[in-house]
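Novice: Okay, sequence plus prediction incoming.
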Amino acid sequence: MEADFSETSLTAIIKETILDSQLIGILDAGMKLSAIPFHQYMTLCLYHPDFGYYRAGTSRVGREGDFYTSAYVGELMGEQLASELSRHAKRWFAEDDTVEIIDWGGGTGRLSRQMLDAWNIEEVTDGRDNPFFLTVVEGNPEHRRLASLELDSYIQAGKARVISREEGEGLNFGEHPVMVVANELLDAFPTYRIVQREGKLWEWGVAWQEGVGLISCLLELDNPRLKNWISDNHISLMDNQSIEINLDAGDWVADLAGRLEQAIVIFIDYGDETEELISAHRMDGTLMCYYQHRAHNDPFRMPGEQDLTSHVNFSHIRKSAESQGLQEQWYGSQKRFLVESGLLEKLVSHTHTDPFHPVVRRNRAIRQLLLSDGMSELFKVQVLLKI
């Protein structure tokens, strides 16, 4: 199928990479062209050092970006997470003077600021200092700049810092207990795409066709890790069914878990279990693209200028975490997580008619978090522990 193609600063780089490749892709019409795996294409689109979506020095979240996160629906997501982290800290790390909170992939710092504000109120109410020091780990340079502004007062007070992804990968976790929050991080890892054709599994690739541009093709499935994952998980697809396999997300989780000593880890993302993600109603997989708050399914439109993402396989994440000593404590929908954390108790009866009154806006944010577009059911929360 021909792509809705438009060139960007990254297009020439991708084209050159494809033409230099030794891999041969097969088009539906039988034509053979040089090609690269879709995973490599997605990596270039998202993480090319100069023109990648998450590296190009542009804010990607909020009104001026391409998508919102739950942190942009009032202040409530951060408040509920702060409450849950406090509860876990009191249960597991009560004897420790310092607990480091790491907001991994923390974006513009909005969620971190909400948590810090909530703990600040908690300190005033309880009359004692909380043990938390918060670190935002963020790869996007513009997001780091905005996060530093968002958290400026806490940074000046010695309660927070903002660091790069590379600095985050070098953190030493042995000194204090750690609580990691990763909100919509795992879906940002590049993914492999597999398809069944006439009883044979293929890997989706990307080729360059003159006069057309970037186009999908089939590659022989030669990657041994993909083959092993498919075999180990007893994957069976229908003819013409595609799925995503996110080995990178699993690798990152296993690496993180292996470095942690005393820790709580909370993943929040849209996704599901393996059985759901390979079910018959998902013939085209879950790959989606986002540009200016509009979703579509053409990954070749504006390379490097749009977000590419797929659903997180929480079965895979669970196995990766448990392989390095993290044990799942809780798993369920974001809606259930918020309800069990007491969000409904924050609804307030009122007689205000002004839709912009703070009480009205807060009630509306609660309803939006729980009910809007069914997203709170699609999003899952996974809580893991290592002691």
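Specialist: Cool, the structure landed. Given the structure is predicted, the values throughout are model-derived calculations rather than measurements.
Novice: from memory residue 190 sits against residue 48, does it?
Specialist: No: counting by C-beta atoms under 8 Å, residue 190 stays clear of residue 48, with 11.4 Å between them. All C-beta atoms are positioned from the backbone trio N, CA, C, and that covers glycine.
Novice: what's the weakest-modelled helix or strand in the chain?
Specialist: helix 358-371 (a mean of 69; mean pLDDT, DSSP states H and E).
Novice: Settle it for me: which of residue 190 and residue 48 has more neighbours?
Specialist: With neighbours defined as other C-beta atoms under 10 Å, residue 190 and residue 48 compare such that residue 190 has more, 23 against 20.
Novice: list the contacts for the more buried one?
Specialist: With contact set as C-beta atoms under 8 Å, 6 or more residues apart in numbering, residue 190 has these partners: 39-40, 42-43, 46-47, 246, 248.
Novice: now do residue 42
Specialist: Applying C-beta under 8 Å, 6+ apart, the residues near residue 42 are 190-191, 299, 308.
Novice: I'd guess it is in a strand, am I close?
Specialist: No: checked against DSSP: H, G, I helix; E, B strand; the rest coil, residue 42 lies outside a strand; its state is helix.
Novice: Tell me the buried residues in stretch 39-53?
Specialist: If you call a residue buried by 16 or more other C-beta atoms under 10 Å, then stretch 39-53 has these buried ones: 39-48, 51-53.
Novice: What are the phi and psi values at residue 255?
Specialist: With angles defined as degrees, to the nearest 10, residue 255 sits at phi -60, psi -50.
Novice: quick one: low-confidence ranges for the stretch 1-150 of the chain?
Specialist: For the stretch 1-150 of the chain, applying pLDDT under 70 flags the ranges 1-5, 57-74, 124-127.
Novice: in it, which spans are strands?
Specialist: Taking DSSP state E, counting those that start in this stretch to define them, one finds strands in the stretch 1-150 of the chain at 23-26, 32-37, 99-104, 132-137.
Novice: Can you name every helix or strand that the shortest one contacts?
Specialist: The one in question is strand 23-26. strand 32-37, strand 200-209, strand 213-220 (3 or more C-beta pairs under 8 Å, 6 or more residues apart in numbering; DSSP states H and E).
Novice: got these as a markdown table, with mean neighbour count and distance to residue 382 columns?
Specialist: Formatted as a markdown table, these follow (neighbours: other C-beta atoms under 10 Å; distance: least, C-beta to C-beta, whole Å):
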| stretch | mean neighbour count | distance to residue 382 |
| --- | --- | --- |
| strand 32-37 | 20 | 28 |
| strand 200-209 | 21 | 27 |
| strand 213-220 | 20 | 32 |
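Novice: Sketch out the helices for the stretch 201-350 of the chain, chain order is fine.
Specialist: 224-232, 247-259, 274-277, 314-322, 334-340 (DSSP state H, counting those that start in this stretch).
Novice: Which of the ones you listed sits closest to residue 163?
Specialist: helix 247-259 (15.1 Å; C-beta to C-beta).
Novice: For that closest one, buried residues please.
Specialist: Buried residues in helix 247-259, counted by 16+ other C-beta under 10 Å: 247-250, 252-254, 256-257, 259.
Novice: Which elements pack onto that helix?
Specialist: Here helix 247-259 is seen to pack against helix 224-232, helix 314-322 when contacts are counted using 3+ C-beta pairs under 8 Å, 6+ apart.
Novice: let's see 7 Å
Specialist: If you count contacts as 3 or more C-beta pairs under 7 Å, 6 or more residues apart in numbering; DSSP states H and E, helix 247-259 packs onto helix 314-322.
Novice: and the helix it packs on, what's its mean pLDDT?
Specialist: Mean pLDDT, helix 314-322: 98.
Novice: nearest residue to residue 150 other than its sequence neighbours?
Specialist: Closest residue to residue 150 apart from its sequence neighbours, by C-beta to C-beta, 6 or more residues apart in numbering: residue 109 at 3.7 Å.
Novice: quick one, phi/psi of the closest residue to residue 276 other than its chain neighbours?
Specialist: The shortest distance from residue 276 to any non-neighbouring residue, by C-beta to C-beta, 6+ apart, is to residue 282 (7.9 Å). When read as degrees, to the nearest 10, the backbone of residue 282 gives phi -110, psi 60.
Novice: count of residues packed around residue 282?
Specialist: A total of 17 residues lie near residue 282 under the criterion other C-beta under 10 Å.
Novice: Which of the helices and strands packed on strand 23-26 sits closest to residue 338?
Specialist: strand 200-209 (35.9 Å).
Novice: Show me how far that closest one is from its chain's centre.
Specialist: Relative to the chain's own centre, strand 200-209 is displaced by 25 Å; criterion: C-alpha atoms, centre = their mean, to the nearest Å.
Novice: Which residue, other than its chain neighbours, is closest to the residue nearest the centre of the chain?
Specialist: For the chain, residue 185 is the residue whose C-alpha lies nearest the centre (C-alpha atoms, centre = their mean; 2.4 Å). With C-beta to C-beta, 6+ apart as the criterion, residue 185 has its nearest non-adjacent residue at 3.6 Å, and that residue is residue 105.
Novice: Distance-wise, check the one you found relative to residue 151.
Specialist: Separation of residue 105 from residue 151 (C-beta to C-beta, to the nearest Å): 15 Å.
Novice: for residue 9, same thing?
Specialist: With distances taken as C-beta to C-beta, residue 9 is found 31 Å from residue 151.
Novice: out of those two, which sits in the more crowded spot?
Specialist: residue 151 (25 against 13).
Novice: re earlier: return the closest of the contacts of residue 42 with respect to residue 79.
Specialist: Using C-beta to C-beta, the contacts of residue 42 come closest to residue 79 at residue 308, 31.1 Å.
Novice: Make sure that closest one is actually in contact with residue 299.
Specialist: Yes: if you go by C-beta atoms under 7 Å, residue 308 and residue 299 touch, sitting 5.5 Å apart.
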